[in-house]
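Asker: need a structure here:
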Amino acid sequence: MDFATLALTWKPNQFLVLPAGFAAKARAHLVSPSFGRPPDQVLDALKRVALAEPRTALLAEDRAKRRLALVQRSKTFRFPDYIDVEAVPLTGGQTALAIYSRARFGIRDFGVNRARVERWLAALKRELG
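Answerer: Predicted structure coming up:
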């Protein structure tokens, strides 16, 4: 998954977070906060936050590219939502995240993807300060 060339669909069942000034084809729904930690630490913390949630699994991890691929399944029907994450180093020792969360099936998600990403970012802020 390449955040720079990602094209969002017309469906409202997706949510995209990008760092400020990130050169991307798609327009972010939310600008990522920055964290005063190295990318590996931020990515590890996000992985802990994500995997602490029910029905969430790590699909792939690429440490060299600072990327994670996760899936979280809905409680009732076990529909999968896919979440891709990349830690982006910024100047001054800061790190921001690119996160793309989307439903695999259907058109509407009733705000689930947005709520998930905002919840994860809030937990990450608490963990990293």
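Asker: for the rest of this, base every contact and every neighbour count on C-alpha atoms.
Answerer: Fine.
Asker: show me what the residue nearest the centre of the chain bridges to in the sheet.
Answerer: Residue closest to the mean C-alpha point of the chain, counted by C-alpha atoms, centre = their mean, is Ile99 at 2.7 Å. In this entry, Ile99 is beta-bridged to Val17, Val85, by DSSP bridges.
Asker: what's near enough to touch it?
Answerer: Phe15, Leu16, Val17, Leu18, Ile83, Asp84, Val85, Glu86, Val117 (C-alpha atoms under 8 Å, 6 or more residues apart in numbering).
Asker: tell me which other helices or strands the lengthiest helix in the chain touches.
Answerer: Looking across the chain with DSSP state H, the single longest helix is helix 112-128. Under the contact criterion of 3 or more C-alpha pairs under 8 Å, 6 or more residues apart in numbering; DSSP states H and E, helix 112-128 touches strand 14-18, helix 39-51, strand 95-103.
Asker: how about that helix: buried residues?
Answerer: Residues Val112, Asn113, Arg114, Arg116, Val117, Glu118, Trp120, Leu121, Ala123, Leu124, Lys125 are the ones in helix 112-128 that count as buried (16 or more other C-alpha atoms under 10 Å).
Asker: which one of the contacts of Ile99 is nearest to Arg104?
Answerer: For the contacts of Ile99, the closest approach to Arg104 (C-alpha to C-alpha) belongs to Ile83, at 10.3 Å.
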